[in-house]
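Chemist: after the sequence you'll find the predicted model.
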Amino acid sequence: MTTAKVLEYLKKHGQLLDREIADATKISIDDVRASLSELSASGDISRCAVTSYVKGKAVEGFQCRISGHVPRPAPGRKPAAK
């Protein structure tokens, strides 16, 4: 159940940290990490370990995105080919 919810949230919002997913979906961080491990093992997502520093303290986490997902180009003018 949580795996499907996590996958849908990633599809909708793109690349996110595990903490951001847990906060937004109201699922515990341990359940989110277990779901991310399952999704990564099945090849549905790409996951990498990251270390961020909050007020000088190291915080370990995972950054995830849908496998093979290429975001759409940003709106606006593009440079012309020369």
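Modeler: Arrived safely, thanks for sending.
Chemist: now do the helices in this structure.
Modeler: Taking DSSP state H as the test, the helices found in the chain are 2-13, 18-25, 29-42.
Chemist: so for K57, which of those sits nearest?
Modeler: helix 18-25 (13.7 Å; C-beta to C-beta). All C-beta atoms are positioned from the backbone trio N, CA, C, and that covers glycine.
Chemist: let me know the angle separating the closest one from helix 29-42.
Modeler: 110 degrees (axes from the mean of the first three to the mean of the last three C-alpha atoms, to 10 degrees).
Chemist: what packs against helix 18-25?
Modeler: Applying 3 or more C-beta pairs under 8 Å, 6 or more residues apart in numbering; DSSP states H and E, we find helix 18-25 packed against helix 2-13, helix 29-42, strand 57-66.
Chemist: avg pLDDT for the first one?
Modeler: Per-residue confidence for helix 2-13 averages out to 90 on the pLDDT scale.
Chemist: shift numbering so it begins at 9
Modeler: Understood, numbering begins at 9; the last thing we discussed is helix 10-21.
Chemist: ok, and for that helix, which residues are buried?
Modeler: Residues of helix 10-21 classed as buried by neighbour count (16 or more other C-beta atoms under 10 Å): T11, K13, V14, L15, Y17, L18.
Chemist: list the contacts of the last one.
Modeler: Which is L18. L24, I29, I53, C72, R73, I74 (C-beta atoms under 8 Å, 6 or more residues apart in numbering).
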